[in-house]
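> have a look at this prediction, sequence included:
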Amino acid sequence: MARENSRTKAHPNWALAEHILAEVLPGSHGYDLEEVIGLEPAVWATFPIDDLEPASVDAALLEHCATLVAGLLVIVTEQSYRASAGPFFTTAESLEDFVTQYTDHYDDVFVGADLVIVCPSRGTVVAVHHNGLIATLIGNSLPL
């Protein structure tokens, strides 16, 4: 999900989102999966996306995240690269509502391309690759 630097900086939330990611996973310098430190081949697991209903994929992701996230979340999806959207900030408690309402707001499925969810309080990063893979990384927790 490589993006031009000027495009990723179009929304004012990018600086904070990138700072949080770099604090959780030092050395990470962006939300493109190639820029997230620790996303090595060995950490990826199968996460079927193709040929499934989007609601099923969303439910599987919510189930995966249920015990991994709490408090504030930073979420980057394909739509985050729109200047009018940017990285999303929500809470674990409202994640299901966010995912459910996403399609109505952005006319796109939530898990349709690469996706990164950062939970600073637990130091957790969940990444979904558009080829049907998922990874969970544990880094530094941040007191927010």
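Yes, it's here.
> what about the helices in this protein?
Using DSSP state H, the helices of the chain run over 5-8, 13-24, 54-65, 95-106.
> pLDDT of the first one, averaged?
Looking at helix 5-8 alone, the average pLDDT works out to 46.
> by mean pLDDT, show me the worst of the helices of the chain.
With a mean of 46, helix 5-8 has the lowest mean pLDDT of these.
> tell me how far residue 110 lies from residue 70.
20 Å (Cβ to Cβ, to the nearest Å). Using the backbone N, CA and C atoms, a C-beta is placed for each residue, glycine as well.
> so for the two, which residue has more residues nearby?
Neighbours were counted for residue 110 and for residue 70 using other Cβ atoms under 10 Å; residue 110 has more, 24 against 14.
> name the nearest residue to that one, ignoring sequence neighbours.
Of all residues not flanking residue 110 in the chain, residue 102 sits nearest, at 4.5 Å (Cβ to Cβ, 6 or more residues apart in numbering).
> count the residues that sit near the closest residue to residue 90 other than its chain neighbours.
Spatial nearest neighbour of residue 90, excluding adjacent residues (Cβ to Cβ, 6+ apart): residue 98 at 4.7 Å. Using other Cβ under 10 Å as the criterion, residue 98 is surrounded by 17 other residues.
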